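Peer 1: Okay, predicted coordinates and the sequence, questions at the end:
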Amino acid sequence: MKILFPVLALLLPSLARADVRDDLKKIDATMRACLAADESGSDAVMKVCTGTALKAADKVLQDSYQAEVDRLQKQPDVENVEYLKRLRLAERAWVVYRDANASLSGIIMFEGTGESLEILSTKLEMTKDRVLELEELFHHEL
């Protein structure tokens, strides 16, 4: 467990905005290193590694979202105002959907020790997918 915390610390610094794909690859690599650092393969360690990766992916998502909100607010024409309104509505609904869908995915491990890990893993994958989805929307290409 002592090895895990330095590895996990790599996820926490601010991630570069240059390319979210690189950010997500770094998160995946750091998570793999975190999991590999513990030979026991315990659910507790997997939860720590996955939870930390989720936190890092959420940060990438929030940074990307906030950059787009800031861009839209600097150019408040009619289209951007409407785009911002729809973006906020969609993102709020997506968070509710992600959490509900992850909870549903946990049913495969209902009341087992892996249920919360399944929920975390689903949230992580959905968050990474959302980062890429929004980047495509924001930049109309990837």
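Peer 2: That came in fine, so what should we check first?
Peer 1: contacting residues for the residue most central in space within the chain?
Peer 2: The chain has residue 57 as the residue nearest its centroid, 2.8 Å off, counting by CA atoms, centre = their mean. Applying CB atoms under 8 Å, 6 or more residues apart in numbering, we find residue 57 in contact with 24, 27, 124, 127, 128, 131. No exception for glycine: its C-beta is placed from N, CA and C like everyone else's.
Peer 1: Show me which of those are buried.
Peer 2: 24, 27, 124, 127, 128, 131 (16 or more other CB atoms under 10 Å).
Peer 1: Please tell me the pLDDT value assigned to residue 93.
Peer 2: For residue 93, the pLDDT comes out at 98.
Peer 1: ok, it - how many residues close by?
Peer 2: 10 (other CB atoms under 10 Å).
Peer 1: next one: residue 66
Peer 2: The burial count for residue 66: 10, using other CB under 10 Å.
Peer 1: Just the pLDDT at it, thanks.
Peer 2: For residue 66, pLDDT reads 95.
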